[in-house]
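Student: A predicted structure for the sequence below; I have some questions about it.
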Amino acid sequence: MLGTSVMIPSLLVPAMGGSDGEKAQVIQTLLFVAGINTLLQALFGTRLPAIVGGSYAYVIPIAYIINDSSLQQISDQHERFIQTMRAIQGAFIIASSIQIIMGYSQVWGLFSRFLSPLSMAPVVALVGLGLFQRGFPLLGNCVEIGLPMLLLVIGVSQYLKHVRPIRDVPIFERFPVLICVAIIWIYSLILTASGAYRDKPNSTQLSCRTDRGNLLSTAPWFKFPYPLQWGPPTFSAGHSFAMMSAVLVSMVESTRAYKAASRLAIATPPPAYVLSRGIGWQGIGIMLDGLFGTGTGSTVSVENVGLLGLSRVGSRRVVQISAAFMIFFSTLGKFGAVFTSIPFPIFAALYCVFFGLVASVGLSFLQFTNMNCMRNLIITGLSLFLGISIPQFFNEYWNRTHRGLIHTNAGWFNAFLNTIFSSPATVGLIVAVFLDNTVEVLKSKKDRGMPWWVKFRTFKGDTRNEEFYTLPFNLNRFFPPT
């Protein structure tokens, strides 16, 4: 999640007119709120061992707000950054009501009744496959760092996992990411210090050097993020409607990530009530993003779901402790800035492994279906292909001057549709759920995997649900499952 927490502010803050110091403060705030949201989700939400962090799903509506003519005409860069951040905060606060209402009213749980293992497989797979541009294309920007990282992660996690230098402690199986990041990070520090990139193009230096960004010098020693630190939010109907599209997309992506996390943590699929509860708390998390001013919204971190499978650590307590560390260390500006010196290709190498693992978890749902059935083959193939092809078509039209395929006089409407159809998981969900619930439904219950799936729809459907999803502190007495 650290990679996303650095990459998104590095992309958005300069476009907002922010300085390096303001970028460092946004990164701190994002990590601080991510720790709070993760702790809330692990305690009172789905209670799955999943990290909640920033998401790329919000980039398009945020870019629409940044390019608003009323903000662009502000000449002072610092003032433009402050006013843009306030506008983004207001949009988050209003748009968060979508998830809060759909979660706590159980509407999202009712919608989940239309899901089946057949429709779940391509959608969860697209959560991983749809992020392919964050993998090897980003790794290739500095192949001398990214490729050794990729090979080292595969070697340590797969070939050395049974080697135990310390008795009864599977170091290489539990900590392959920490070991590999430390080794390649030191290697990249040596390359930077030796002047290997001194005369290279700016794009190469930005991807490879460990002293880029000037964050270590500009970050404060101690900074405690607090609500409304950028000033009071400003509200606009157009900005809020545009942001609602990203909130809907994050709701889809989080639901798929919850399903993947439950399989990797060897838990039962979260029933409708638990999904709704998790979405409701995620809506509160997005409201916190708006109050604190993180610059982007929250969703379940896909890379951490992949890490859950790679390290085989599915403990809820570990995630809660990690969230507490995130909150603490995010207040130490210099400490966090040190980690931002990790070159992006190192994260990209990890993404190749994590996103691929999440995609395979999605495809594993097909074991509960009949893949000798032509109906199932068509739905799976069409959902996967269109889920990658349509967003790729929309993304080809996205750049600074030509912002998306949809062009009308209503900018918020353009951002809304461009966000929806640029999300592989959302497009795949639309195609898979529509076909799965309209093509030979009554004749195909067994082929769709419904006999296995139906018992997980309700909280009382499986006795193990109480072990995995019961609220702490005996709160189920006051909030009984419905």
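Tutor: All right, it came through fine. A quick note: this is a predicted structure, and the numbers were derived from the prediction, not measured.

Student: Might you list the low-confidence residue ranges for this structure?
Tutor: 1-2, 212-218, 336, 399-404, 478-482 (pLDDT under 70).

Student: Quick check, central residue of it?
Tutor: Nearest to the mean C-alpha position of the chain, by Cα atoms, centre = their mean, lies Ser301 at 3.5 Å.

Student: and that one, what does it touch?
Tutor: Met1, Thr4, Ala50, Ile51, Val52, Gly53, Ala257 (Cβ atoms under 8 Å, 6 or more residues apart in numbering). For the C-beta atoms, the positions are set from N, CA and C on the backbone; glycine is no exception.

Student: for Trp453, same thing?
Tutor: Leu115, Ser116, Pro117, Pro269, Phe368.

Student: ok, for the first one, nearest residue in space, not its chain neighbours?
Tutor: With sequence-adjacent residues excluded and distances taken as Cβ to Cβ, 6 or more residues apart in numbering, Leu115 is closest to Val433, at 6.9 Å.

Student: Is Lys161 in contact with Arg174, as I believe?
Tutor: No - assessed by Cβ atoms under 8 Å, Lys161 is found out of contact with Arg174, at 9.0 Å.

Student: hey, what's in contact with both of these two?
Tutor: With Cβ under 8 Å, 6+ apart as the test, Lys161 and Arg174 reach no residue in common.

Student: name the element the residue nearest to Leu115 belongs to?
Tutor: Element membership for Val433, per DSSP states H and E: helix 424-436.

Student: Show me what that helix is packed up against.
Tutor: helix 117-129, helix 237-264, helix 374-395, helix 411-421 (3 or more Cβ pairs under 8 Å, 6 or more residues apart in numbering; DSSP states H and E).

Student: so which of those helices comes closest to Glu22?
Tutor: helix 237-264 (20.2 Å; Cβ to Cβ).

Student: residue boundaries of the strands in the chain?
Tutor: 52-54, 298-300 (DSSP state E).

Student: Between those, which one is closest to Tyr197.
Tutor: Per Cβ to Cβ, nearest to Tyr197 of the strands of the chain: strand 52-54, 27.8 Å.

Student: So what's the gap between that closest one and the chain middle?
Tutor: For strand 52-54, the separation from the chain centroid amounts to 6 Å (computed by Cα atoms, centre = their mean, to the nearest Å).

Student: helices and strands around it, which ones?
Tutor: Using 3+ Cβ pairs under 8 Å, 6+ apart: strand 52-54 touches helix 2-16, helix 20-44, strand 298-300.

Student: Mean neighbour count, those: which tops it?
Tutor: strand 298-300 (a mean of 30; mean count of other Cβ atoms under 10 Å).

Student: returning to that earlier point: which of the contacts of Trp453 ranks first by neighbour count?
Tutor: Counting neighbours by other Cβ atoms under 10 Å, Ser116 leads these with 26 neighbours.

Student: residues in contact with that residue?
Tutor: Taking Cβ under 8 Å, 6+ apart as the test, what Ser116 contacts is Asp436, Arg448, Gly449, Met450, Trp453.

Student: Can you flag which of these belong to helices?
Tutor: Per DSSP state H, helices hold the following members of the contacts of Ser116: Asp436, Met450, Trp453.

Student: will you turn the residues you listed into TSV that also has distance to Ile179?
Tutor: Shown next, in TSV, are the ones in helices among the contacts of Ser116 (distance: Cβ to Cβ, whole Å):
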residue	distance to Ile179
Asp436	42
Met450	43
Trp453	39
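
Student: How far does the helix holding Val433 sit from its chain's centre?
Tutor: The answer for helix 424-436 is 19 Å, by Cα atoms, centre = their mean.
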